[in-house]
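In: Fold the stuff below for me.
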Amino acid sequence: MSAPTPRYVIVRRAGLRLDEFSRRCDLHPNMVRRLVALGLLDGVREGTEELRFEPSTLAVVARIQRLRAGLGLNYAAIGVVLDLLDRIEELEADPRRRTSRWTPAR
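Out: Numbers count the residues shown, from 1 in each chain. Have a look, this model is predicted:
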């Protein structure tokens, strides 16, 4: 009987590294770090390694950039607006709320 063939497991970390993420959203890595520090972006730090981001976070950056450029909001206000937009999406997705529509009194 021959010795069993060794098996190797390649572990790949999920998400985009900071440099790749910042290149895709066209922001300087320091700006991305600042957005994470402000709580506007969710970045995952595994141990002492650098930040990693889910690809869906690119959409959040695009939304932040639109709010900043289009409405001239500061980052604190952008945080509030993002929270409100998320809450609106939750409420619209709730099937119990879709059954009744408010109509103004005439």
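
In: shaky segments in the protein?
Out: Applying pLDDT under 70 to the chain flags residues 1-3, 8-14, 48, 97-103, 106.

In: Nearest the middle, which residue of it would you pick?
Out: Nearest to the geometric centre of the chain sits residue 57, at 2.9 Å (Cα atoms, centre = their mean).

In: How many neighbouring residues does the residue nearest to that residue when sequence neighbours are not counted have?
Out: In this structure, residue 57 finds its nearest non-sequential neighbour in residue 41, 5.9 Å apart by Cβ to Cβ, 6 or more residues apart in numbering. (Each C-beta comes from the backbone N, C-alpha and C, glycine too.) For residue 41, the neighbour count with other Cβ atoms under 10 Å is 19.

In: Kindly report the same for the one 4 residues further on.
Out: Residue 45 is surrounded by 11 other residues when neighbours are defined as other Cβ under 10 Å.

In: Need the three-state assignment for the residue nearest to residue 57.
Out: Look at residue 41: counting by DSSP: H, G, I helix; E, B strand; the rest coil, its state is coil.

In: Can you verify my assumption that it contacts residue 62?
Out: No. Checked against Cβ atoms under 8 Å, the pair residue 41 and residue 62 is beyond contact range at 11.6 Å.

In: all helices of the protein, in order?
Out: Counting by DSSP state H, the segments of the chain that form helices are 18-25, 29-37, 57-71, 75-93, 95-98.

In: And those: which comes nearest residue 50?
Out: helix 18-25 (5.0 Å; Cβ to Cβ).

In: So what touches the closest one?
Out: Residues outside helix 18-25 that contact it (Cβ atoms under 8 Å, 6 or more residues apart in numbering): 16, 28-29, 31-33, 43, 50-53, 57-58, 61-62, 65.

In: So which of those residues wins on neighbours?
Out: For these, neighbours tallied by other Cβ under 10 Å; top is residue 53, 25 neighbours.

In: Disregarding residues adjacent in the polypeptide, which is nearest to that one?
Out: residue 21 (4.5 Å).
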